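> What shape does this take:
(4 chains)
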Protein chains: 4
Amino acid sequence: MDTELLSRKLTDPEFLLKKDWMIQNIEFKLKMIDLELSSKYKRTIMQKIDHRVKKPDSIARKLIKKGYKVTYENAAGKLNDIIGLRVVCLYSDDVYKIAELLKQQMDFHLIKEKDYIKYPKKSGYQSLHLIFDVPLIYKETEEFQRVEIQIRTVAMDFWAGVDNQICYKKSPEKMKKAETELKNYSNVISTMDRQMLELRKKVESM
Amino acid sequence: MDTELLSRKLTDPEFLLKKDWMIQNIEFKLKMIDLELSSKYKRTIMQKIDHRVKKPDSIARKLIKKGYKVTYENAAGKLNDIIGLRVVCLYSDDVYKIAELLKQQMDFHLIKEKDYIKYPKKSGYQSLHLIFDVPLIYKETEEFQRVEIQIRTVAMDFWAGVDNQICYKKSPEKMKKAETELKNYSNVISTMDRQMLELRKKVESM
Amino acid sequence: MDTELLSRKLTDPEFLLKKDWMIQNIEFKLKMIDLELSSKYKRTIMQKIDHRVKKPDSIARKLIKKGYKVTYENAAGKLNDIIGLRVVCLYSDDVYKIAELLKQQMDFHLIKEKDYIKYPKKSGYQSLHLIFDVPLIYKETEEFQRVEIQIRTVAMDFWAGVDNQICYKKSPEKMKKAETELKNYSNVISTMDRQMLELRKKVESM
Amino acid sequence: MDTELLSRKLTDPEFLLKKDWMIQNIEFKLKMIDLELSSKYKRTIMQKIDHRVKKPDSIARKLIKKGYKVTYENAAGKLNDIIGLRVVCLYSDDVYKIAELLKQQMDFHLIKEKDYIKYPKKSGYQSLHLIFDVPLIYKETEEFQRVEIQIRTVAMDFWAGVDNQICYKKSPEKMKKAETELKNYSNVISTMDRQMLELRKKVESM
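Presented below is the predicted three-dimensional model:
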């Protein structure tokens, strides 16, 4: 019932317009950053940019899990990731170059930074998460929308994809077993990232 | 030769990114305005929103005609209409409602307003032109792009279309004759606009 | 309940992909036709191309009104206008030129043609409706989607907009009164179309 | 001079419309294939789909290199890759599943298949290339456009990116050295692909 109200709010034309603009605006910054870094370093930086808007039922589930009532106000105020963007880049050092330039955007307000690359999650998950408040102006009002931008390498992105696949396992034991296997693979991912960086540096130094 | 330099500048990836964002940003405001007015008045407001970016050769021609050298700096600084948007609405009174809300956008700076509806051009051309400076932020820099927004009714838009067609006439005499004919038609256009408004008001008042 | 099933079907990823492709495909044909006619006649032909996909509840309402059960199969098989496109052009004679070229598309199968311009609806509504079966190929299967393409002039489109507005009148008497008023205006619309055509022909003949 | 003619042809409105439709049409098939495979195997299949249209000067360069005159007819008839799409997927076995489904499209005519995965280029480059003739219907005419679809894994795509970067090396000796280094890395890429597949299969078998 609450989910239905939330669902109506998330599909009303004003919310949709604002959300689209928000995504276009952040993608513009990311493409400018990609342009700046790739002309500076003369190589491909970003491999892809994706976005997603959380669906009403997964917002509701997350609110309930966190102990909040299912309302649009809680969704907008308590959750950081209703609007999310993901940047996948080739090399692990580029993750931080992109993050640096994002933080230099004077109209973006950094709220939180979670470095799951330096401190991977227990599951083995690696990624850099930046939470920003991004302004949207209409008439005399400036409102802020919270967005989460995830930056990761191709190898980290691959790992997260497999992790996500495991969630669909039928039995808890199987899930447990698969999780352990995946964790053991974390170092394979790190090795991939290290080897890719190594190759690039060799080629650059020639 | 100068045109070639200008042409290269107008197709460089950074200019294209900025231009696209600029158009998306202004279209966002226009769609928000459309939403606000159509929920307030419970009827269709805008019939269509178009945009165009002036081509290098027509920029060059205009610069030469105005006595400037053909450079990107002159194009950006002396011309108002490298980036142009056009809003076509159904009723003549809506033109001013849209303009009003555009001027209320606190991040848009009004540079000039040309009311060719109250004061039609000699040719008979009618339209409301607003010139704004619209900000674009990247890193610590805020730069301004000049854009022209034309607002007109369907009838005025039709008239302008015919006017434009006349420019392709082969001989100057024929062009002259066609222009006079079109001018005589100005009042037909005004009558259309008046009748459309009249019908709407009758229906509203019931 | 049935509407919910229908609604799920109309938002499943496969349906959405096919629908998007269908619209892009028909818009491609329309833009090619616009290009062919505007290079032939050296003037603007189409003023705008719109599309819409009928919402689940209005599909359900229409099915019930027609005495059918609310199922996807009935929606796809009995209704012609789940997917609709609308072409608005400047001159009444262009309506038929566009229709002619649409009918020449060898992969489009004409199902029905309703000429509400020659034979306006009782309400005064004018427009040309073409119903086509348009093929979509995936692997070894060719399936057909029924689509409705409405072609009308700017003046007819304006009239339809006012007609639509009247539906939101609160009392039946007011609605009746407004309808009569609008009907009286039909001839104003026809006069507009005639005058526009007249002006164009004068200009052309010079 | 010839390049200019070619360039005008490649930017004429009809060519642009057809090219856009062509890309949308092939992307539609690829997304349908992605949907089919990902619902069958319950995992992410495609990581990204890109497209590009060859620029006039690189078409001209390729024609000259192959000993042809620089004309649009030669560009369209002798080159396979004026329009190119690239699919990047996670696992090496998916490359062939995607190719299989592409070949089952009854309206796509396979012209050539180059398996640089089974038989890598001397440089070490790996990818599966499929050349198709794809039909486009306007009025009573069916014309065919040749397109190249490249399918590769993320690891192969990374390798190709580094290979491309090497082309910008200043001296031929440095280029030679970098190429040898990259070739030595081919097996690292193959190892990555094998490990990724291995992990997936372990997780699947649980």
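
> alpha carbons only for contacts and neighbour counts from here, please
Noted.

> Flag every residue of chain A that's near chain B.
Residues of chain A found near chain B (Cα under 8 Å from any Cα of the partner chain) are A:13-14, A:17-18, A:21, A:24-25, A:28-29, A:31-32, A:35, A:101-102, A:104-107, A:137-141.

> So which of these belong to helices?
Residues of those located in helices (DSSP state H): A:13-14, A:17-18, A:21, A:24-25, A:28-29, A:31-32, A:35, A:101-102.

> circling back to that earlier point, what's the PyMOL line that selects buried ones from the residues of chain A next to chain B?
Entered in PyMOL, the line below selects the buried ones among the residues of chain A next to chain B, by 16 or more other Cα atoms under 10 Å in any protein chain shown:
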select buried, chain A and resi 17+18+21+24+25+28+29+31+32+35+101+102+105+107+138+139
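
> Distance across stretch A:83-102, terminal residue to terminal residue?
Here the two ends of stretch A:83-102 are set 16 Å apart, with distance taken as Cα to Cα, to the nearest Å.

> Briefly note if that stretch comes near chain D.
Yes: residues of stretch A:83-102 contacting chain D under Cα under 8 Å from any Cα: residue A:90.

> mind listing the helices for chain A?
So, for chain A - with DSSP H - the helices run A:2-10, A:13-41, A:56-65, A:72-78, A:92-103, A:154-166, A:172-205.

> What helices and strands are in contact with the first one?
With contacts defined as 3 or more Cα pairs under 8 Å, 6 or more residues apart in numbering or on different chains; DSSP states H and E, the packing partners of helix A:2-10 are helix A:56-65.

> how about the helices of chain A in TSV, adding distance to residue A:117?
Formatted as TSV, those follow (distance: least, Cα to Cα, whole Å):
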stretch	distance to residue A:117
helix A:2-10	32
helix A:13-41	20
helix A:56-65	24
helix A:72-78	25
helix A:92-103	9
helix A:154-166	9
helix A:172-205	10
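
> Most tightly packed of those?
Scoring these by mean neighbour count under mean count of other Cα atoms under 10 Å in any protein chain shown gives helix A:154-166 as the most buried, with a mean of 20.

> Between helix A:92-103 and that one, find me the angle.
90 degrees (axes from the mean of the first three to the mean of the last three Cα atoms, to 10 degrees).

> is helix A:154-166 up against chain D anywhere?
Yes: using Cα under 8 Å from any Cα, we find that helix A:154-166 touches chain D at A:154, A:158, A:161-162, A:165-166.

> ok, of those residues, which one's closest to residue A:57?
Distance to residue A:57, by Cα to Cα, is smallest for residue A:165 among these, at 19.4 Å.

> Can you pull the phi/psi pair for the nearest residue to that closest one once chain neighbours are set aside?
Distance criterion Cα to Cα, 6 or more residues apart in numbering or on different chains; nearest residue to residue A:165, sequence neighbours excluded, is residue D:43 at 6.1 Å. Backbone torsions for residue D:43, taken as degrees, to the nearest 10, come to phi -160, psi 160.

> Against residue A:169, how distant is residue D:43?
12 Å.

> Return the distance of stretch A:70-84 from the chain's centre.
Relative to the centre of its chain, stretch A:70-84 is centred 15 Å away, using Cα atoms, centre = their mean, to the nearest Å.
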